[in-house]
Structures are given as structure tokens and as C-alpha cells.
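**Q** Mind looking at a prediction? Sequence and model below.
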Amino acid sequence: MAYSELYRKIYEAVARIPEGKVVTYGQIAWMAGRPRAPRVVGYAVSKAPRELNLPCHRVVNRLGEMAPFHAFDGPEFQRFLLEEEGVIFLDNGCVDMKKSQWKPES
DNA sequence: GTGATGACGTCTT
DNA sequence: CAAGACGCCATCA
């Protein structure tokens, strides 16, 4: 099996994240059809092949913290990318979810 | 097939 | 207000 349906939806949801916006694992899980499985989302993304070019740096936990810092050279790099994309960072080092959290239309 | 793990989320203490 | 524990679903060993 290449990827499960859930995996495919998760990858698609992450790929749909517009620049300058971030989403929480819970939102992706909700989009994938498993609102109670944010863990699976993180797992799927962690196993996501780079061939998909998934912007995991746009995926953060509900606090706006950078959970996926493991996937990049370092948290600095991720924060830099997000800032360049237009994501607002608070002084506490978290993303301004109030403005930068992506709201899926459908 | 069973047990343990995991890039989270929410409740309770 | 902050920290700890439990629960959720899917995958790995």
C-alpha cells in the first residue's frame, strides 16, 4: 500500500496551507476526517516523504509553537521561513494564531 | 494478533 | 495561573 486514505488527506491538507498561514494538528485531523486523531496527523507528517514537499513548517500545535522543529535544520530556520511568508510571531516565540491560523473554507 | 509508541488535545489537580 | 495525567487513532515492532 502506498498511503492510506487518511494519510493522503493529511498530506493534501498540509499542501493546501497557504503561505503566511499556519494550522494546528487538530485542524488537519478534522480536515482528514479524524477530528479525534491529531496524533495520527503528526505521525503521518513525520513519515511524510520529502518528495511531497510538505510545508510542515506551517504545521504547529494549537499553542502556535513549532512542534515540527525536528524536520528542519533548526527552529530558527522554520521561524525565518514563516516570518518571510508573513506569519506573525509573538514575543513569546509562538505564532499569532489569532491572525496566522488558517481557516479552511470547506 | 497483541503491545508499545507518538511532530497532540483537553480535562483535572 | 501552571503542571500533570488521561484519552484519541493509526502505525511500528
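**A** Perfect, thanks for sending it.

**Q** ok, what's across the strand from the spatially most central residue of chain A?
**A** Most central in chain A under C-alpha atoms, centre = their mean is A:V59, positioned 1.6 Å from the mean C-alpha point. Beta-bridge partners of A:V59, counted by DSSP bridges, are A:V23.

**Q** and it, what pLDDT?
**A** On pLDDT, A:V59 comes in at 92.

**Q** Please apply the same query to A:E5.
**A** 89.

**Q** How many residues are close by it?
**A** Residues contacting A:E5 under the criterion other C-beta atoms under 10 Å number 9. Bear in mind the C-beta positions are built from the backbone N, C-alpha and C, glycine included.

**Q** Equivalent analysis for A:W30, please.
**A** Neighbours of A:W30 (other C-beta under 10 Å): 18.

**Q** buried stuff in stretch A:31-43?
**A** By neighbour count on 16 or more other C-beta atoms under 10 Å, the buried set for stretch A:31-43 is A:M31, A:A32, A:R34, A:A37, A:P38, A:V40, A:V41, A:G42.

**Q** filter the residues you listed by proximity to DNA strand C?
**A** Taking C-beta under 7 Å from any atom of the strand as the test, DNA strand C is in contact with A:R34, A:A37, A:P38, A:V40 out of these.

**Q** which one of the residues you listed is nearest DNA strand B?
**A** Closest approach between these and DNA strand B, by C-beta to the nearest atom of the strand: A:P38, at 3.7 Å.

**Q** Contact partners for the residue lying closest to A:K21 once chain neighbours are set aside?
**A** Closest residue to A:K21 apart from its sequence neighbours, by C-beta to C-beta, 6 or more residues apart in numbering: A:W102 at 3.7 Å. A:W102 is in contact with A:I17, A:P18, A:K21, A:V22, A:V23, A:Q27, A:R58, counting by C-beta atoms under 8 Å, 6 or more residues apart in numbering.

**Q** Quick check, the residue nearest to the centre of chain A in contact with A:G26.
**A** No. Checked against C-beta atoms under 8 Å, the pair A:V59 and A:G26 is beyond contact range at 10.8 Å.

**Q** Now tabulate the ones next to DNA strand C among the buried residues of stretch A:31-43 in CSV and tack on secondary structure.
**A** Shown next, in CSV, are these (DSSP: H, G, I helix; E, B strand; the rest coil):
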residue, secondary structure
A:R34, coil
A:A37, coil
A:P38, helix
A:V40, helix
